[in-house]
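Engineer: build the 3D model from these lines:
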Amino acid sequence: MSPGSWKGLGSIEIDLVYDNRQAAMDDLRNIGRSIDDAKASYDDLMNLYNDLKPEAARKNVAYSVQYNAYLGHLNAYRADLDAANKNDSVSKEAFQSLPQQKQSLDAELEGLKAQQADLQKTVDDLNTLVADIGSIASNHNSQVMSYKITCNELTGDLASGRYERTMFRESITIFQFSSRNTLVRTLAHEFGHARGLEHSKNPDSIMYYRIRSDLKGLAPEDIVAMQARCGNN
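Structural biologist: Next up, the predicted model:
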């Protein structure tokens, strides 16, 4: 008896074989985790984006208002300065206020520059988020495609188990299982074949041609078929 097999179910030998079916099942599980992680990261980034986008809009409006106010003050200062240079009728108070206006404009300009830098940082952060979201979405689509391809590898005639009887031995070979319940149902299904049971048309039956891991216990058809085969004991 090989290391991957043991005697069980009377004289039936049970073999666990790791082949492309179980490998595909393991790949499917890993890809599923990656898809879940990508979805979580995508949701986190989208939340950040949705929070940052209105903030960028507010900062942009505030900057525009401040910039237009600065232009108004700058134009007024230039008009007073031009009038003073042309010796036009400029009041003494207006002439004496020119240095103060210039100082105030310089301070306004510095504030605008700081606002612009802050706005640009927010816009850059938004653009980075957009790029990251696009990258995750692209990777997610690739992972979903891999998931579908791997799922296709598990369809068709790739059985989870097989019962065989020869002149020298009876054996059940398990090729793939995703959980303890799947393993138990596959063993029970193949043991049913070992006792002469055929496939059932009821999807809830243990003898249905595909193993359903979400079910537990026997369907009425299974009990009736086993009683008919082995008696009521």
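Engineer: quick one: the strands in the chain, in order.
Structural biologist: Applying DSSP state E to the chain gives strands spanning 5-8, 12-16, 161-165, 170-174.
Engineer: which residue is nearest the middle of this structure?
Structural biologist: What sits nearest the mean C-alpha location of the chain, by Cα atoms, centre = their mean, is residue 39, with 2.1 Å.
Engineer: can you redo the strands of the chain as JSON lines with mean pLDDT, mean neighbour count and distance to residue 128?
Structural biologist: For every residue, glycine as well, the C-beta is placed using N, CA and C. Below are these laid out as JSON lines (pLDDT from 0 to 100; neighbours: other Cβ atoms under 10 Å; distance: least, Cβ to Cβ, whole Å):
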{"stretch": "strand 5-8", "mean pLDDT": "48", "mean neighbour count": "12", "distance to residue 128": "55"}
{"stretch": "strand 12-16", "mean pLDDT": "79", "mean neighbour count": "18", "distance to residue 128": "49"}
{"stretch": "strand 161-165", "mean pLDDT": "80", "mean neighbour count": "17", "distance to residue 128": "51"}
{"stretch": "strand 170-174", "mean pLDDT": "82", "mean neighbour count": "19", "distance to residue 128": "49"}
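Engineer: distance to residue 80 added to the ones you listed, as TSV?
Structural biologist: Converted to TSV, the strands of the chain look like this (distance: least, Cβ to Cβ, whole Å):
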stretch	distance to residue 80
strand 5-8	100
strand 12-16	93
strand 161-165	94
strand 170-174	93
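Engineer: out of the ones you listed, flag the one nearest residue 217.
Structural biologist: Residue 217 sits nearest to strand 161-165 of all these, at 18.6 Å, using Cβ to Cβ.
Engineer: got the contact list for that closest one?
Structural biologist: Surrounding strand 161-165, the residues in contact under the criterion Cβ atoms under 8 Å, 6 or more residues apart in numbering are 170-175, 186-187, 189-191, 193-194, 211.
Engineer: quick one, it and strand 170-174 angle?
Structural biologist: Between the direction of strand 161-165 and that of strand 170-174, the angle (axes from the mean of the first three to the mean of the last three Cα atoms, to 10 degrees) works out to 170 degrees.
Engineer: strand 161-165 to strand 12-16, inter-axis angle?
Structural biologist: Computed by the same axes, to 10 degrees, the angle between strand 161-165 and strand 12-16 is 140 degrees.
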